[in-house]
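Enquirer: Structure of the sequence below:
(chains A and B)
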2 protein chains.
Amino acid sequence: MDLHILDHRLRVTSISKNGLVNFTHPLIKLLFLRNRTRCKFFSLTETPENYTVVLDEEGFKELQPSEHLQVESSTWLPLNVVSNGNASSSSQAVGVTKIAKSVIAPLAQQHVSVFMLSTYQTDYILVREKDMSVVISTLEEEFSIYKEVGGESVPVHSQDVFNGLQKNAIQPTVHPVLIPQNQFCVMSLDPDTLPSIATTLIDVLFYSSRFPADLLFTSSSGELWRMVRIGGHPLGFDECGIVAQISQPLADSDISAYYISTFSFDHALVPEEDIVSVTDMLQHQRKDPATS
Amino acid sequence: MDLHILDHRLRVTSISKNGLVNFTHPLIKLLFLRNRTRCKFFSLTETPENYTVVLDEEGFKELQPSEHLQVESSTWLPLNVVSNGNASSSSQAVGVTKIAKSVIAPLAQQHVSVFMLSTYQTDYILVREKDMSVVISTLEEEFSIYKEVGGESVPVHSQDVFNGLQKNAIQPTVHPVLIPQNQFCVMSLDPDTLPSIATTLIDVLFYSSRFPADLLFTSSSGELWRMVRIGGHPLGFDECGIVAQISQPLADSDISAYYISTFSFDHALVPEEDIVSVTDMLQHQRKDPATS
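Expert: Numbers count the residues shown, from 1 in each chain, chains lettered A, B, ... in the order given. Just a heads-up that it's a prediction; the model follows:
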């Protein structure tokens, strides 16, 4: 498997609920008028707490300082795992489950904090720029690592000589989880069709307090997903092993999962059909953390 | 011919060029998400000077006070002329030309200031609420006048007894005109198709300094129009006879014209094929005002 360090320097920000209207102008540009900005990576996630916006430095310039805007101080670089046809796997699972053992667990063991952005197509594992040498050292045994530079894939190797990697046992805090009843669809949209649903999306994002009941999006697979929200209070950005804690048992059971970090909490999406066993799994963890 | 006083109480406002970004949120709602507001009348005109927004009181509530927002103090009521099948006319002209002698000239003679909004379909003649009794007295000889109230057309008659109307001679200031080279298209859009061009319109209105050259709109008639901008300095809202001054000679020559008032200047659109004779006409006026 290949691991690519993508050519985007990212910032993680939060816009308050009340503050979104002040950012209507730049956000509409970043969402719908991509040719008017140099922004090449943009993610917007709405949760009850806030709006989490993850975007590259070019996009970040569009956001004016404001009491409504919080900015995490690091620069984050996105990692992406690409199958190179060499690895075979019997796993049918999609999402972060596929990389739980090869990426998530090792990084947690090396105390590297990750910020996850799963998408329909792939998972972006964001790591802090300052952690990159540890990331490379940690993962180069399992992966061929490349850095994307100006469209080219440049092989990279660790600069440091380790006397073996410390495999620290993960004894992370077991965070409370919340499993709402909401059903989720995960969809992909061709960028060319985005204009045709612009007013609908603008309406939902900027002008409504709840997703309209009559809004029909067809999910080709018909799959529904359920959410596991992780964290009783905002998690911060320094704790490691949170993703590992949930993705390990999911990987053991070959259960697909998307994972979306936000400014306050983390969120795992699992197939509706698996929510009972996932719930059992998580209850088990919280009764006896030592066995997880 | 019937004259309808429409059931909208309108405000005339101006947003500065630099200030538009602050109004992105309410303007997008008013333009594209009509079911989220009670606003039933909305007009946005961009000129080099500013953005003129004419809207009803419900829409006006959406605009927050700002140093970038100027508001003319009156409430304006829109008049609309509707053919009732009784009047025959040999005139082929469209737009304000059709009502030049029946509405524009008489109101000017009675010192009633008008604010014109021509559209593809019809012309809205805005008059101040405080002038309405004079308007009714002036026009009821020529028109059956109705007030729209809750969807019903209620006949109205003048309350005042005039000893004949004073027919004041119009001796207005002859304002300088500017005739730019720009060619204009006048188009009508079915409201149902508005979402499909939303991102294009949003782009043009909020994010570009000039209309994109590659933006293709098909004009079914292929007609092109030229503009006559009236006023060397902002006209204000009290002077009467400005519209009359240009629409009279146009009516005499049966030349179509759309007329759009804005916060600063007035604008007449005439067919490209008539611009030479219109230019001559206006030059003639400015050499010898007494003959116009």
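Enquirer: which parts of the stretch 1-150 of chain A sit against chain B?
Expert: A:21, A:24, A:25, A:28, A:29, A:32, A:33, A:36 (Cβ under 8 Å from any Cβ of the partner chain). From N, CA and C alone the C-beta is placed, and that goes for glycine too.
Enquirer: which residues does the last one contact?
Expert: Looking back up the chat, that one is residue A:36. With contact set as Cβ atoms under 8 Å, 6 or more residues apart in numbering or on different chains, residue A:36 has these partners: A:29, B:203, B:207.
Enquirer: With the second one instead?
Expert: For residue A:24, the set of contacting residues under the criterion of Cβ under 8 Å, 6+ apart consists of A:206, B:24, B:25, B:28.
Enquirer: 6 Å instead?
Expert: The contact partners of residue A:24, by Cβ atoms under 6 Å, 6 or more residues apart in numbering or on different chains, come to A:206, B:24, B:25.
Enquirer: And it, how far from residue B:138?
Expert: Relative to residue B:138, residue A:24 is positioned 45 Å away (Cβ to Cβ, to the nearest Å).
Enquirer: ditto for the third one
Expert: Using Cβ to Cβ, one gets 45 Å for the distance from residue A:25 to residue B:138.
Enquirer: again with the last one
Expert: Here the criterion is Cβ to Cβ. By it, residue A:36 lies 50 Å from residue B:138.
Enquirer: Could you check the pLDDT of residue A:84?
Expert: pLDDT, residue A:84: 74.
Enquirer: Could you look up the SS state of it?
Expert: On the three-state scheme (DSSP: H, G, I helix; E, B strand; the rest coil), residue A:84 is labelled coil.
Enquirer: Look at the closest residue in space to residue A:265 that isn't next to it in sequence and say how many residues are nearby.
Expert: The shortest distance from residue A:265 to any non-neighbouring residue, by Cβ to Cβ, 6 or more residues apart in numbering or on different chains, is to residue A:231 (4.1 Å). Using other Cβ atoms under 10 Å in any protein chain shown, residue A:231 has 19 other residues around it.
Enquirer: Residue A:231 touches residue A:176, doesn't it?
Expert: No. If you go by Cβ atoms under 6 Å, residue A:231 and residue A:176 don't touch, sitting 7.1 Å apart.
Enquirer: Three-state assignment for the most centrally placed residue in chain A, please.
Expert: In chain A, the residue lying closest to the centroid (Cα atoms, centre = their mean) is residue A:117, at 1.7 Å. Using three-state DSSP, the structure places residue A:117 in strand.
Enquirer: ok, now which ones touch the closest residue to it other than its chain neighbours?
Expert: Nearest non-adjacent residue to residue A:117, counting by Cβ to Cβ, 6+ apart: residue A:124, 4.3 Å away. Listed by Cβ under 6 Å, 6+ apart, the contact set of residue A:124 reads A:78, A:80, A:117.
Enquirer: Could you do residue A:114 as well?
Expert: A:107, A:125, A:127, A:243.
Enquirer: From these, which land in helices?
Expert: Under the assignment DSSP state H, the contacts of residue A:114 contribute A:107, A:243 to helices.
Enquirer: For the contacts of residue A:114, which two are the farthest from each other?
Expert: Within the contacts of residue A:114, two members stand farthest from each other by Cβ to Cβ: A:127 and A:243, at 11.6 Å.
Enquirer: More neighbours: those two, which one.
Expert: Neighbour count, other Cβ under 10 Å: between residue A:127 and residue A:243, residue A:243 has more, with 28 against 21.
Enquirer: so the more buried one sits right up against residue A:103, yeah?
Expert: No. Residue A:243 lies out of contact with residue A:103 (Cβ under 6 Å); the separation is 9.5 Å.
Enquirer: For burial, what's the neighbour tally of residue A:66?
Expert: For residue A:66, using other Cβ under 10 Å, the count is 12.
Enquirer: Roughly how far does it sit from residue B:81?
Expert: For residue A:66, the distance to residue B:81 - Cβ to Cβ - is 49 Å.
Enquirer: what's the answer for residue A:270, then?
Expert: Taking Cβ to Cβ, one finds residue A:270 at 65 Å from residue B:81.
Enquirer: And the helices in the stretch 51-200 of chain A, which stretches?
Expert: For the stretch 51-200 of chain A, the helices defined by DSSP state H, counting those that start in this stretch occupy A:57-60, A:105-109, A:132-139, A:198-202.
Enquirer: Include mean neighbour count when you put those helices into JSON lines, please.
Expert: Below are these laid out as JSON lines (neighbours: other Cβ atoms under 10 Å in any protein chain shown):
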{"stretch": "helix A:57-60", "mean neighbour count": "18"}
{"stretch": "helix A:105-109", "mean neighbour count": "21"}
{"stretch": "helix A:132-139", "mean neighbour count": "19"}
{"stretch": "helix A:198-202", "mean neighbour count": "20"}
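Enquirer: Format those helices as a markdown table; extra columns: distance to residue A:180.
Expert: Output for the helices of the stretch 51-200 of chain A, formatted as a markdown table (distance: least, Cβ to Cβ, whole Å):
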| stretch | distance to residue A:180 |
| --- | --- |
| helix A:57-60 | 30 |
| helix A:105-109 | 26 |
| helix A:132-139 | 33 |
| helix A:198-202 | 23 |
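Enquirer: Verify the stated contact: residue A:143 with residue A:3.
Expert: Yes. At 3.9 Å, residue A:143 and residue A:3 qualify as touching, with contact defined as Cβ under 6 Å.
Enquirer: So which of those two has more stuff around it?
Expert: Higher neighbour count among residue A:143 and residue A:3: residue A:3, with 23 against 20, using other Cβ under 10 Å.
Enquirer: Now do the residue nearest to residue A:117 against chain B, distance only.
Expert: The spacing between residue A:124 and chain B, counted by Cβ to the nearest Cβ, to the nearest Å, is 26 Å.
Enquirer: Start and end of stretch A:257-267, how far apart?
Expert: The first residue of stretch A:257-267 is 10 Å away from its last residue (Cα to Cα, to the nearest Å).
Enquirer: in it, what counts as buried?
Expert: Neighbour counts using 16 or more other Cβ atoms under 10 Å in any protein chain shown place A:257, A:258, A:259, A:260, A:261, A:262, A:263, A:264, A:265, A:266, A:267 of stretch A:257-267 among the buried residues.
Enquirer: Which two of these have the greatest separation?
Expert: Most distant of the buried residues of stretch A:257-267, by Cβ to Cβ, are A:257 and A:263, 20.4 Å apart.
Enquirer: about what we covered before: wait, which of the contacts of residue A:24 is closest to residue A:287?
Expert: residue A:206 (43.2 Å).
Enquirer: Please name the nearest non-neighbouring residue to that closest one.
Expert: Residue A:206 sits nearest to residue A:24 (Cβ to Cβ, 6+ apart), 5.8 Å away.
Enquirer: Next: residue A:82.
Expert: residue A:2 (4.7 Å).
Enquirer: same check, this time on residue A:281
Expert: Per Cβ to Cβ, 6+ apart, closest to residue A:281 is residue A:249, 4.9 Å.
Enquirer: Distance of the one you found relative to residue A:73?
Expert: Relative to residue A:73, residue A:249 is positioned 32 Å away (Cβ to Cβ).
Enquirer: okay, those two: which has more neighbours?
Expert: More crowded of residue A:249 and residue A:73, by other Cβ under 10 Å: residue A:249, with 18 against 8.
Enquirer: so that one sits in a strand?
Expert: No. Counting by three-state DSSP, residue A:249 is not found in a strand; it is helix.
Enquirer: and it, what pLDDT?
Expert: On the pLDDT scale, residue A:249 gets 92.
Enquirer: do the same with residue A:157
Expert: For residue A:157, the pLDDT comes out at 88.
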